[in-house]
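A.B. asks: Here is a sequence together with a model predicted from it:
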Amino acid sequence: MNSLGNLIGEVCKVLLPIPEETYQGNSNSTIAVCTLSSLDLLREITNSHIINHVSIVGRLLSENKGIDQIIRHLNKNKKIKTLIVCGKEVWGHKAGHSLYQLHQNGIDIKGKIIFSNSPDPYLTVTKSQILYFQKEIDFINMINETDFNKIKQKII
C-alpha cells in the first residue's frame, strides 16, 4: 500500500470531509446502483420512486477502500445480482474504471487490480469474494452517464 497516499487521504478527510452516503431501498430488489462521484444523481435516485426498485444506492470515491466495501456488501447480500455503475468518474482516482477492471480481470498476487490506471488500486478483499463479484454480479457499465432517464431505463 502507498503510505503517502494513505496520509494524503487522511488529510483530505479532515480538510474536505465528504460524507459516505448510501441509501437502502427495497430489500427484495436484485439491483444495486453506484453513482460514483455524482452526488446530485445519488440524491435524484434516492428522492424518486426509483429507490423502490433498487436494493441500495451509493457513491464510490476511491479505488481501494471504497471498492473493498462494495465487494463485501455484494458478498453479504446475495439477493443483489446486478450492479449499475453510473455517474461522473472520480477524477484522479478513476474508481469506476478500477471497479470495471476488477470485474473483468481480478487482482494479481499483491492484491492490485489488473489493468487499473488508478494511483493505488490495492484491495484487501479475498480472491473468493472477488470471484463471486466476477461470476455472480452482472456489471452494467454506465460510467460517466448522468442522465437520470437513461439510468432509470436500466432499473425499471
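C.D. replies: Now that the structure is in, tell me what you want to look at.
A.B. asks: if you average pLDDT over stretch 69-79, what comes out?
C.D. replies: Per-region confidence: stretch 69-79 scores 97 on mean pLDDT.
A.B. asks: which residues of this protein score low on pLDDT?
C.D. replies: 1-20 (pLDDT under 70).
A.B. asks: what are the ranges of the helices in the protein?
C.D. replies: 3-15, 39-46, 65-76, 95-105, 127-136, 148-155 (DSSP state H).
A.B. asks: Name whatever forms a beta bridge with the residue nearest to Leu102 when sequence neighbours are not counted.
C.D. replies: In space, and not counting its chain neighbours, Leu102 is closest to Ile113: 4.8 Å by Cβ to Cβ, 6 or more residues apart in numbering. Bear in mind the C-beta positions are built from the backbone N, C-alpha and C, glycine included. Here Ile113 sits in beta bridges with Ile107, going by DSSP bridges.
A.B. asks: Is Ile113 in contact with Tyr100, as I believe?
C.D. replies: No. Using Cβ atoms under 8 Å, Ile113 is not in contact with Tyr100; the gap is 9.5 Å.
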